[in-house]
Structure formats: structure tokens, C-alpha cells
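Asker: this is a predicted model, with the sequence first.
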Amino acid sequence: KTAGLQLQASTADINSIVSDVKTGKGNIGVLLRDSSMALNLSQTMLQLKNAGDTLAQTIFLLKNRMEPGRSAIGTVLSDTAFDSKLNQAMDNVEQGTARFNESMEALKHNFLLRGYFKRQEKQKAKKQPSATQ
């Protein structure tokens, strides 16, 4: 008897749900009954597919362009000799900058150029207070 009552209540609930779906209530009802929603969903799915296709094509083109020898990026990413040369060039720039700084410092102390650098410092010192006021 209890099982029959529970079955009867469940059947009533199912009938209520089906009735709501038929009248367009709830998410499922809207999806099944609303023709504009179905069209919007269809258009959205098509746009997603097109976006996915475009993305796949873009990735394919980028991959091809990054192959060694076809672009600078491909060379940088794959050529170990280039990497070594680039690191060596950067080391040379750093060493050259350090040597230039040493040479400039030596020139500042040279008796022939010392006066010039002192005048430069005095002019710089005169300009600084007026620039901050």
C-alpha cells in the first residue's frame, strides 16, 4: 500500500514536470519550446566552431613560421649555435661597457683633461638647484 502511494506521488510529480516542460517552463522547457532560444544556441555553436577553426589555422600558421630557417623567431627558438652567439655578443657588450667606463674614469684623472671635467661638474652643480626650484 505504501509503495503504491509513493508510486502515485512520483507519477504526479513526473506529470507536473512534463506539463511544465510542455508549457515552456524551466530551462528544459525553454530549450524545447522557445524557437528563438534554439536559434541563438545554434548560432552560438556555429560561432564557437568557426572560432575553433580560426584558432587551429592560426596555430598551424604560427607553427610553420617558427620552423628553423623560416623566421627569426624559429631561429632563436631552435638554433643552439645562435643562442651561443647571442650570449657571447651580450658578454662582449658588457665587457665593452665596463672597459669604456674604466677609460672614462681614467680620462677624468688625466692632467690634460682634468680641468674640462671639473668645469663640467661645476656647470652641472649650478644647473641642479635652479632646476629643482
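Answerer: Nice, thanks for sending it over.
Asker: C-alpha from now on. contacts and neighbour counts both.
Answerer: Noted.
Asker: quick one: residue 42 from residue 53, how far?
Answerer: Remark: distance between residue 42 and residue 53 (C-alpha to C-alpha, to the nearest Å) = 17 Å.
Asker: scratch that, residue 29
Answerer: 32 Å.
Asker: more neighbours: those two, which one.
Answerer: Neighbour count, other C-alpha atoms under 10 Å: between residue 29 and residue 53, residue 29 has more, with 17 against 12.
Asker: surely that one meets residue 17?
Answerer: No: taking contacts as C-alpha atoms under 8 Å, residue 29 lies outside contact range of residue 17: 9.4 Å.
Asker: just the buried positions in stretch 12-21, please.
Answerer: residue 21 (16 or more other C-alpha atoms under 10 Å).
Asker: chain center to it, what's the gap?
Answerer: Here stretch 12-21 is found 49 Å from its chain centre; the criterion is C-alpha atoms, centre = their mean, to the nearest Å.
Asker: what of stretch 57-73?
Answerer: Distance, centroid of stretch 57-73 to centroid of chain: 18 Å (C-alpha atoms, centre = their mean).
Asker: average model confidence for that stretch?
Answerer: For stretch 57-73, mean pLDDT rounds to 79.
Asker: buried set for that stretch?
Answerer: So for stretch 57-73, counting by 16+ other C-alpha under 10 Å, buried means residue 66.
Asker: let's see that stretch as CSV, backbone CA atoms only.
Answerer: Extracted in CSV, the C-alpha atoms of stretch 57-73 (Å, rounded to 0.1, in the frame of the first residue of the first chain):
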residue,chain,number,x,y,z
GLN,A,57,44.5,27.6,-38.5
THR,A,58,46.4,30.4,-36.7
ILE,A,59,48.3,27.9,-34.6
PHE,A,60,49.2,25.9,-37.7
LEU,A,61,50.5,29.1,-39.4
LEU,A,62,52.5,30.1,-36.3
LYS,A,63,54.0,26.7,-36.0
ASN,A,64,55.1,26.8,-39.7
ARG,A,65,56.5,30.2,-39.3
MET,A,66,58.5,29.2,-36.2
GLU,A,67,60.3,26.4,-38.1
PRO,A,68,64.1,26.9,-38.1
GLY,A,69,65.3,29.0,-41.1
ARG,A,70,61.9,30.4,-41.9
SER,A,71,61.9,33.3,-39.4
ALA,A,72,63.9,35.0,-36.7
ILE,A,73,61.7,33.5,-34.0
